[in-house]
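Trainee: Provide a 3D model corresponding to the input given below.
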Amino acid sequence: MFSAPSYAEVKTKLASQLTEKIVQIGQQHGAPLEAAIVWPNQPAKALVVLIAGSGKMDKNEHVGPFYPFLDIANGLADQGIASIRFDKRTFSHPEEFKNKSFTPDQEFVFDAIDATETLMKDSRNHDLPVILLGHSQGGTIIARVAKQLNPHVKGLILFASPSDSDLPRAALRQMVYLQSISPQKNQALFQQQINQLETEINHWENYEKTSVQSGNFPFGVSANYLQYLKNLHPTEEIKALALPTLVLQGGKDYNVLATKDFLEWQQVLQPLGKNVSFKLYPNLHHLFIDPDQYTSASIQHVDQTVLQDLGQWILQQTTLMPNP
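Mentor: Predicted coordinates for the structure are as follows:
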């Protein structure tokens with residue numbers, strides 16, 4: 001059974017059970033990005049590409065005491081599965097986007113494709129099945145990554161992924177929720193942020209109608225970025241690929257909702273029959289950690305059951321081909 005290490009033990013773990021090396025990707029799209037390839041110290045059975053969610057994320061998806069992509073990479077390697085994870089361009093090179101119009105393609109779609117090709121090249125075996133894992137917003141774009149990599153991609157994992165791409169409205173809903181559970185002393189600050197985002201959303205909606213920009217857009221991005229999101233239809237695009245798909249959702253996730261997004265994924269993808277699997281973890285939040293089991297003073301790990309479920313599903317998609 002996989003047991004997640006403390007981060008103080010990672011170097012020892014890497015030396016004894018798996019091999020990690022740092023590589024560069026994405027040079028053809030701008031400044032190079034740092035990526036980490038992890039190989040199990042046994043013949044690899046599959047290749048997994050980890051694609052992060054929204055925001056300026058590093059390759060570990062480091063947020064506070066959480067490093068979910070590091071956990072996943074180590075957990076998969078223990079089960080004979082190689083992986084690559086990479087810094088998002090907005091994290092490593094924010095200067096490339098300052099005062100510029102861009103879309104998710106430039107932000108991380110092109111780099112996800114390059115990361116996949118880098119991992120396949122590093123494996124020296126392009127016949128190893130490739131699985132794409134997209135967390136949160138990363139899941140909304142993996143169909144577009146997969147289409148560019150056909151026929152190498154053999155499966156998709158939606159890791160707490162929204163069923164639509166309306167990030168501004170989702171962010172507003174999250175702010176309203178956080179305000180509702182916050183202490184009274186923080187209410188005014190939350191209301192200020194809510195008011196600002198509502199104003200930015202109104203500016204965007206007015207722009208859609210008139211093409212006259214009357215103020216800042218949500219998240220400070222361009223109209224091109226928001227239009228890309230509007231034209232992105234994750235459920236239908238993934239359904240059209242008809243690849244084996246695993247949908248994972250935490251029941252205590254307030255970023256992506258079990259009562260909305262998870263249900264919509266089920267409704268759209270269930271016609272794929274045995275090609276799609278759904279798993280709901282009632283006690284876990286957006287990073288697949290039990291919010292009742294941690295304190296801000298300690299490092300927390302992705303739930304071991306989730307790591308085991310990921311590995312088992314991935315191995316079911318493979319032909320268990322040895323790495324030469």
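Trainee: Show residues contacting the helix or strand hosting L158.
Mentor: Using DSSP states H and E, L158 sits in strand 153-159. Contact partners of strand 153-159, identified using Cβ atoms under 8 Å, 6 or more residues apart in numbering, comprise 48, 116, 129-136, 138-139, 142-143, 145-146, 238, 241, 243-248, 265, 288, 310, 313-314, 317-318. Just so you know, the C-beta spots here come from the backbone N, C-alpha and C atoms, and that holds for glycine as well.
Trainee: which of the residues you listed are buried?
Mentor: 48, 116, 129-136, 138-139, 142-143, 145-146, 238, 241, 243-248, 265, 288, 310, 313-314, 317-318 (16 or more other Cβ atoms under 10 Å).
Trainee: if we can go back for a sec, packing partners of the following helix or strand past the strand holding L158?
Mentor: Of the helices and strands lying after strand 153-159 in sequence (DSSP H and E), the nearest is helix 167-181. Packing contacts for helix 167-181, counted by 3 or more Cβ pairs under 8 Å, 6 or more residues apart in numbering; DSSP states H and E, involve helix 187-210.
Trainee: to the chain's geometric centre, what's the distance from the helix it packs on?
Mentor: Relative to its parent chain, helix 187-210 has a centroid offset of 26 Å by Cα atoms, centre = their mean, to the nearest Å.
Trainee: Report the angle between it and helix 167-181.
Mentor: 160 degrees (axes from the mean of the first three to the mean of the last three Cα atoms, to 10 degrees).
Trainee: What average pLDDT does the helix or strand just after helix 187-210 get?
Mentor: Proceeding N to C from helix 187-210, the next assigned helix or strand is helix 223-230, under DSSP H and E. For helix 223-230, the mean pLDDT works out to 92.
Trainee: Now do helix 223-230: which elements does it pack against?
Mentor: helix 104, helix 187-210.
Trainee: ok so, going back, next step: the contacts of strand 153-159 restricted to helices.
Mentor: Among the contacts of strand 153-159, the members falling in helices (DSSP state H) are 116, 138-139, 142-143, 145-146, 238, 241, 265, 310, 313-314.
Trainee: And those, which two are furthest apart?
Mentor: Maximum pairwise distance among these (Cβ to Cβ): 22.8 Å, between T116 and W265.
Trainee: Report pLDDT for the residue nearest to I81 when sequence neighbours are not counted.
Mentor: Distances taken as Cβ to Cβ, 6 or more residues apart in numbering put A46 closest to I81, at 5.0 Å, once the chain neighbours are dropped. Looking at A46, its pLDDT reads 95.
Trainee: how about A46, what does it touch?
Mentor: G80, I81, A82, L128, P129, V130, I131, I314, L315, Q317, T318.
Trainee: and the gap between the residue nearest in space to the middle of the chain and G53?
Mentor: For the chain, the residue nearest the mean C-alpha position is H135 (2.1 Å; Cα atoms, centre = their mean). Separation of H135 from G53 (Cβ to Cβ, to the nearest Å): 5 Å.
Trainee: Mind listing the shared neighbours of those two?
Mentor: Common contacts of H135 and G53 (Cβ under 8 Å, 6+ apart): E61.
Trainee: one step back: show me which pair in the contacts of A46 is furthest apart.
Mentor: G80 and V130 (15.1 Å).
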